[in-house]
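A.B. asks: here is my input, please return the structure:
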Amino acid sequence: MKKVDPPECPAFRRFCKTLSLKEDAQLIEDYKKVHAPGAAWPEITAGMREVGIIDMEIYILGSRLFMIMDTVPDFDHDQAMAELAKKPRQSEWEAYVARFQQTSSEATADEKWQMMERLYKLDR
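C.D. replies: All right, here's what the predicted structure looks like:
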């Protein structure tokens, strides 16, 4: 069997994070609605792009969330998260979505979402 190299990808950094939602079926359904296409507040998505987040996806299994965050290549995670926390309406958004999450309403996005460690990567 011939080895096939993956296509060249544009340069970016990827971060994977996890967060737990409250074990409440209705709250989980409501959380999904808050994150439906076009439902996130425009100031929030604009702020993410301003700090260097190129793309973000969130997956769910039960009450566990998994986030894939692609950023510009020179992204400084800690600096960007501190800058994001100061963006317009960001603290209001975090307090709003905290009602679904196993966290406090005062927590920043960086305090809520826990960084995951990569265990495996397919060799080229």
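
A.B. asks: which SS class is M69?
C.D. replies: Under DSSP: H, G, I helix; E, B strand; the rest coil, M69 falls in the strand class.

A.B. asks: list the residues that contact the residue nearest to it when sequence neighbours are not counted.
C.D. replies: What sits nearest to M69 in space, not counting adjacent residues and going by Cβ to Cβ, 6 or more residues apart in numbering, is F15, at 4.5 Å. Where C-beta positions appear, they are placed from N, C-alpha and C, glycine not excepted. Taking Cβ atoms under 8 Å, 6 or more residues apart in numbering, we find F15 in contact with M67, I68, M69, T71, H77, M115.

A.B. asks: pull the most distant pair out of the residues you listed.
C.D. replies: With distances taken as Cβ to Cβ, the most widely separated pair in the contacts of F15 is I68 and H77, at 14.1 Å.

A.B. asks: about what we covered before: can you redo the contacts of F15 as TSV with neighbour count?
C.D. replies: Below are those laid out as TSV (neighbours: other Cβ atoms under 10 Å):
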residue	neighbour count
M67	18
I68	14
M69	22
T71	20
H77	15
M115	12
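
A.B. asks: let me have the residues you listed in TSV, adding pLDDT and distance to Q102 as columns.
C.D. replies: Formatted as TSV, the contacts of F15 follow (pLDDT from 0 to 100; distance: Cβ to Cβ, whole Å):
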residue	pLDDT	distance to Q102
M67	98	15
I68	98	21
M69	98	20
T71	98	26
H77	97	22
M115	96	17
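
A.B. asks: in what helix or strand does R49 lie?
C.D. replies: Assigned by DSSP states H and E, R49 falls within helix 42-50.

A.B. asks: mind listing the strands the helix or strand that that helix is followed by pairs with, and their directions?
C.D. replies: Moving toward the C-terminus from helix 42-50, the next helix or strand (DSSP H and E) is strand 53-61. Strand partners for strand 53-61, identified by DSSP bridges, are recorded as strand 64-71 (antiparallel).

A.B. asks: can you tell me what sits against the partner strand?
C.D. replies: Contacts for strand 64-71 (Cβ under 8 Å, 6+ apart): 12-21, 52-60, 77, 80, 113, 116.
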